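Chemist: Sequence and computational prediction follow.
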Amino acid sequence: LLEADLTGLPADELPAFDLLAAGFPCQTFSVRGEQRGVESTPTDWRGGLYLELVRLLAACRPKAFLFENVPGLVTLPLYYKDA
C-alpha cells in the first residue's frame, strides 16, 4: 500500500504491483462541474491528477486498475495512445 503524492513520482521507483486503485477529484470531468478535463490551472490542478495516474499505468502496466467512473472521462481526447 502506497499513500503518496503521485505528481512527478518516478515510476521506476515503485515496486511491482498488480492493482492500481486510485481516486482523483472528479469536478473537472463531471457534467455538474466546469468540465475543464485534464487542463490544470495554477488554482485548479485537479484534472492533472488523472494524467499522472495514466502516466503510471502506462509505465508500470499493472494487471488491473480501478478508477472512479465519471461520464466525462469517456469524452476526453485520447492521451497516451501508445501506452
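Modeler: Noted; the coordinates are in hand. Residues are numbered from 1 along each chain as shown.
Chemist: contacts and neighbour counts: CA atoms only from here.
Modeler: Fine.
Chemist: Now do the helices in this protein.
Modeler: Counting by DSSP state H, the segments of the chain that form helices are 46-60.
Chemist: Would you check that residue 56 makes contact with residue 11?
Modeler: Yes. Using Cα atoms under 8 Å, residue 56 makes contact with residue 11 at a distance of 6.0 Å.
Chemist: average pLDDT for stretch 16-30?
Modeler: Averaging pLDDT along stretch 16-30 yields 80.
Chemist: Compare residue 56 and residue 11 (neighbour count), which wins?
Modeler: Using other Cα atoms under 10 Å as the criterion, residue 56 and residue 11 rank with residue 56 on top: 19 against 15.
Chemist: what bits of the chain have low per-residue confidence?
Modeler: Applying pLDDT under 70 to the chain flags the ranges 29-46, 69, 71-83.
Chemist: And the strands in it, which stretches?
Modeler: Using DSSP state E, the strands of the chain run over residues 19-21, 64-66.
Chemist: Reformat those as TSV; add mean neighbour count and distance to residue 7.
Modeler: As requested, the strands of the chain are arranged in TSV below (neighbours: other Cα atoms under 10 Å; distance: least, Cα to Cα, whole Å):
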stretch	mean neighbour count	distance to residue 7
strand 19-21	15	15
strand 64-66	11	18
